[in-house]
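# this is a predicted model, with the sequence first.
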Amino acid sequence: MELISRMMDGSIPYDPAGRCEPVVSGPGVRQEDKIERLKEVLLFEGCSRRQLRSVARIARVFDVAADTVITRAGEPGDEFFLLIDGTARVEVSADRHVLLPPGELFGEMSLLDGGPRSATVVAHTPVRLLVISRRNFARLLEDVPGLTQILLVTLSRRVRQAEERAERLRAASTGL
Ligand code: CMP
């Protein structure tokens with residue numbers, strides 16, 4: 001089971017190796033402060049205050065150390081991620097990776113089709129992640145205007161890039 005999944009479902013209260021830390025929303029951090037932080041995330045710019053309040057209730061924020069594996073190819077996946085800060089590395093194959101900058105999302109594929117993780121995703125630098133569990137994903141799609149469309153555009157772009165890569169490999173192997 002993925003590290004963040006275990007922290008989200010409470011099966012481990014914290015990561016003893018310190019790779020992953022929940023950004024505490026304890027007594028010192030008011031819901032209003034969390035909403036102010038969400039307002040800075042591009043994805044949420046079209047959200048009303050009521051919608052942001054709802055997102056703040058279902059989202060958790062984690063700081064993850066560089067080189068930590070966030071999702072592992074072939075494992076079941078139960079969370080959706082939005083990169084708030086830092087860069088993540090998607091290991092598409094043994095010799096190819098894609099870097100995701102802040103503002104990108106990942107982990108949507110397993111939640112949408114129920115299949116295992118399609119790729120291993122690693123924190124390329126220290127990252128701050130907004131994490132939504134499977135049971136709240138449908139709620140997030142309802143609350144954030146345009147998110148479904150952003151997901152479709154992201155998926156289309158990734159399919160197109162994968163096709164182009166496959167084509168380049170085919171051309172290289174046939175010498176064309
Ligand atoms: P999921 O399969 O749930 O977990 C791994 C994630 O990596 C996947 O969702 C996508 O969000 C992301 N991913 C997979 N393949 C690519 C790719 N070619 N380019 C960018 N991101 C990808």
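Perfect, thanks for sending it.

# secondary structure class for Lys34?
Applying DSSP: H, G, I helix; E, B strand; the rest coil to Lys34 yields a three-state assignment of helix.

# swap that for His97, please
strand.

# show me the beta-bridge partners of it.
Residues in a beta bridge with His97, per DSSP bridges, are Glu91.

# distance of the residue nearest to Gly103 when sequence neighbours are not counted from Asp33?
Once flanking residues are discounted, Gly103 sits nearest to Leu42: 5.2 Å by CB to CB, 6 or more residues apart in numbering. C-betas here are computed from N, CA, C, even on glycine. With distances taken as CB to CB, to the nearest Å, Leu42 is found 19 Å from Asp33.

# show me what from the chain comes close to the ligand.
Proximity of the chain to the ligand is confined to 71, 77, 90, 92, 98, 106-110, 117-119, 121, 158, 161-162 under the rule CB under 6 Å from any ligand atom.

# what subset of those is buried?
For those, a burial check counting by 16 or more other CB atoms under 10 Å picks out 71, 77, 90, 92, 98, 106-110, 117-119, 121, 158.

# can you pull the buried residues of the longest helix seen in the chain?
The residue-count maximum for a helix in the chain (DSSP state H) belongs to helix 147-174. Buried residues in helix 147-174, defined by neighbour count with 16+ other CB under 10 Å: Leu147, Leu151, Arg158.

# before I go, just wanted to say thanks for your time.
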